[in-house]
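Enquirer: okay, predicted coordinates and the sequence, questions at the end:
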Amino acid sequence: MNHDSLITLSDIYKARKGITSIVGRTPLVEAPWLSQLTGAQVFFKLENLQVTGSFKIRGAANRLLNLPQAARERGVITVSSGNHGRAVSHVAGKLGIPVVVCLSDAVPANKREAIGELGAEVVVVGKTYDEAAEGAARLQEEHGLTMIHPFDDPLVISGQGTIGLELLEDFPEIDTLIAPLSGGGLLSGIALTLKSADPTIQVIGVSMERGPAMVESLRAGKVVDIVEEPTLADALAGGIGPENLYTFDMIQKYMDDAILVSEEEIAGAMAFALHKHHLVVEGGGAVGIAALLYEKVERFGQNIAIVISGGNVDLPVLVNIARDYQTTWK
Ligand SMILES: *Cc1c(COP(=O)(O)O)cnc(C)c1O
């Protein structure tokens, strides 16, 4: 069954109507250095400025606002590489919903602490995202909680898709979208929105070379397991789920090109964002910049938006990168 047809543009508008009291509209800013480099007009969509430091608050808000009262009272559980857990904890806190967040050992300390501060019960299970996901599934059954999936859920995808509405309003000339790609909730939501308005808009997903689960799965034509490796783009770590229902089909249908970037390129892009734009961007949020900055995008139009998806980087990590990578871009 083709599940993606279940989500339509009207779901994205419905999502926006619901979430505006919780989720901010983010700025679209010019990126003159990248414009000069590419000869196109380049803009950044600054989701790193969301109150939880990433776009994940959009999907989390839409999902939790649509939860029936009885399920709200029983509580929710989620698994996360960090940012989704923080978003769910933030929204659940506002709505008075008890929340358990399962994280693997690999989630950076800054992300773990931020989730704890929001009043969530944090459970650290396993060494990888996929192991944490198994732990979460067990706890969910034991305690009768509702699972808030980080990407493979129509309400989560629709929430992320509201970025696409803001892009169409603030940048109607947009012909190319570049966004980070992990489980694919972000890219499928935005792509559905943009391509509904104009199917010729080009959609480019960017993942890290170290463990790009969606890209490997697309190549194989089915969901494949990947080995999770340490990466600066920790927000993009993890598999796409053995029983993927939505995002695999949607990415297959909507994404025009996929690009992989190296750890060096991610670091260079984080340093570039800080030095040139005074923006704190985490590794997973910087991959779109990396793709353009290191000239890895072969086909693009004249009006490019790059989604800067998050800013939750451990500050000592960013400080080291800022010192070491000042001169690596032209
Ligand atoms: C979750 C996340 C992504 C990837 O989103 P998917 O919907 O899993 O593809 C990208 N950047 C940041 C900062 C994230 O937290």
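Expert: Arrived safely, thanks for sending. The structure presented is a predicted model; accordingly, all values stated were derived computationally and were not measured.

Enquirer: hey, C-alpha coordinates of the one helix or strand Asn110 maps to in CSV?
Expert: Of the helices and strands defined by DSSP states H and E, Asn110 is found in helix 109-117. Output for helix 109-117, consisting of C-alpha atoms alone and laid out as CSV, is shown next (Å, rounded to 0.1, in the frame of the first residue of the first chain):
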residue,chain,number,x,y,z
ALA,A,109,25.5,15.2,27.1
ASN,A,110,24.2,18.7,26.3
LYS,A,111,21.1,17.1,24.6
ARG,A,112,20.5,14.6,27.4
GLU,A,113,20.7,17.4,30.1
ALA,A,114,18.3,19.7,28.2
ILE,A,115,15.7,16.9,28.1
GLY,A,116,16.1,16.2,31.8
GLU,A,117,15.6,19.9,32.6
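
Enquirer: in its sheet, what does the next helix or strand after it sit against?
Expert: Using DSSP H and E, the helix or strand that follows helix 109-117 towards the C-terminus is strand 121-124. Looking at strand 121-124 with DSSP bridges, its paired strands and their directions are strand 99-103 (parallel).

Enquirer: if we can go back for a sec, what residues of the helix holding Asn110 count as buried?
Expert: Counting neighbours by 16 or more other C-beta atoms under 10 Å, one finds that the buried residues in helix 109-117 are Asn110, Lys111, Arg112, Ala114, Ile115. Any C-beta I mention is one placed from the backbone N, CA and C, and that applies to glycine too.

Enquirer: make a markdown table from the residues you listed and add pLDDT and distance to Pro150 to it.
Expert: Below are these laid out as a markdown table (pLDDT from 0 to 100; distance: C-beta to C-beta, whole Å):
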| residue | pLDDT | distance to Pro150 |
| --- | --- | --- |
| Asn110 | 91 | 18 |
| Lys111 | 92 | 13 |
| Arg112 | 93 | 16 |
| Ala114 | 93 | 16 |
| Ile115 | 95 | 13 |
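
Enquirer: and the residue of the stretch 201-330 of the chain at minimum distance from the ligand, bridged to which residues?
Expert: Here the stretch 201-330 of the chain gets closest to the ligand at one residue, Gly310, 2.6 Å apart by C-beta to the nearest ligand atom. Using DSSP bridges, the bridge partners assigned to Gly310 are Ser54.

Enquirer: OK, contacts around it?
Expert: Taking C-beta atoms under 8 Å, 6 or more residues apart in numbering as the contact definition, Gly310 lies against Glu47, Asn48, Gly53, Ser54, Phe55, Lys56, Asn83, Ala235, Val281, Glu282, Gly284, Gly285.

Enquirer: number of residues surrounding the last one?
Expert: The local packing count at Gly285 equals 33, with neighbours defined by other C-beta atoms under 10 Å.

Enquirer: got the domain ranges for this structure?
Expert: Domain segmentation of the chain under automatic domain parsing yields 3-54+153-324, 57-147.

Enquirer: the first one: how far from the chain's middle?
Expert: Centroid separation for domain 3-54+153-324 versus its chain: 6 Å, with C-alpha atoms, centre = their mean, to the nearest Å.
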